[in-house]
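Undergrad: this one's sequence-less:
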């Protein structure tokens with residue numbers, strides 16, 4: 001069973017300095033039919049103007065992953081971390097019992113385009129932590145590259161939830177499948193490009209919830225960037 005969440009159906013706010021789309025209910029946007037999918041709670045696509053960003057603010061009891069598609073994002077947090085996140089890098093933050101951080105576009109000329117994802121943790125009150133890692137772009141060419149997992153396999157970042165997050169760069173005309181345990185679920189997010197899934201044309205910003213399926217087969221109509229969540 002597939003349920004498509006088209007990009008245009010998402011919540012959208014343009015604050016001038018921030019152009020943001022919310023796949024699930026977030027902040028001022030609330031849609032009772034789209035509050036989360038399994039442990040996947042937030043899927044935000046943000047474009048932050050040069051020299052702008054989010055001031056210091058707090059989170060708790062959430063696993064947070066950030067993927068920069070273009071530009072750079074400056075991170076500071078209450079644990080003492082200060083890093084710049086760039087394309088091909090993934091940032092993982094366990095908010096746990098409480099963490100504060102800021103996110104800022106340090107460029108004076110270029111916007112930063114990013115996806116930020118939140119997953120509910122396996123339990124509340126975890127020790128807050130932060131990690132950031134660069135992944136070889138060649139490792140996801142026409143194949144899945146694990147970015148985050150519960151056990152940190154294949155060099156992925158560790159998250160505190162029964163979930164595996166994989167990314168793929170699929171060239172136009174290529175196809176890629178993902179075997180899925182019928183007892184599990186998946187969410188496919190199209191970060192860029194155009195693909196066909198089970199006869200459905202999907203475009204950048206679209207998402208697909210998958211349940212009770214043995215596999216997902218993706219055919220790229222153009223060069224595409226994909227993010228897939230394997231969820232309990």
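TA: Thanks, I have the structure now. This is a predicted model, so every value here is computed, not measured.
Undergrad: Distance check, the residue nearest to the spatial centre of the chain against residue 108.
TA: Of all residues in the chain, the one closest to the mean position by C-alpha atoms, centre = their mean is residue 117, 4.2 Å from it. Between residue 117 and residue 108 the computed distance is 28 Å (C-beta to C-beta, to the nearest Å). Where you see a C-beta, it was placed from the backbone N, CA and C, and this is true even at glycine.
Undergrad: Run a quick check on the residue nearest to the centre of the chain versus residue 62, I expect a contact.
TA: No. Applying C-beta atoms under 8 Å as the test, residue 117 and residue 62 come out as separate, 10.0 Å apart.
Undergrad: Name the residues contacting each of the two.
TA: When contacts are counted by C-beta atoms under 8 Å, 6 or more residues apart in numbering, residue 117 and residue 62 have residue 42 as shared neighbours.
Undergrad: which residues does residue 213 contact?
TA: The contact partners of residue 213, taken as C-beta under 8 Å, 6+ apart, are 1-2, 180, 182, 186.
Undergrad: farthest residue from the center of the protein?
TA: When each C-alpha in the chain is compared with the mean C-alpha position (C-alpha atoms, centre = their mean), residue 108 comes out farthest, at 25.5 Å.
Undergrad: Report pLDDT for that one.
TA: For residue 108, the model assigns a pLDDT of 97.
Undergrad: where's it, which helix or strand?
TA: Mapping residue 108 onto the secondary structure by DSSP states H and E places it in no helix or strand at all.
Undergrad: quick one: residue 42 and residue 26 touch, right?
TA: Yes. Counting by C-beta under 8 Å, residue 42 sits close enough to residue 26 to count as a contact (5.6 Å).
Undergrad: follow-up on the earlier one: keep only those of the contacts of residue 213 that are in strands.
TA: Taking DSSP state E as the definition of strands, the contacts of residue 213 contribute 2, 186.
Undergrad: What's the PyMOL syntax to select whichever of the contacts of residue 213 are buried?
TA: What follows is the PyMOL syntax for the buried subset of the contacts of residue 213, where burial is set by 16 or more other C-beta atoms under 10 Å:
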select buried, resi 2+180+186
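Undergrad: Pull the most distant pair out of the contacts of residue 213.
TA: With distance counted by C-beta to C-beta, no two of the contacts of residue 213 lie farther apart than 2 and 182, which are 13.9 Å apart.
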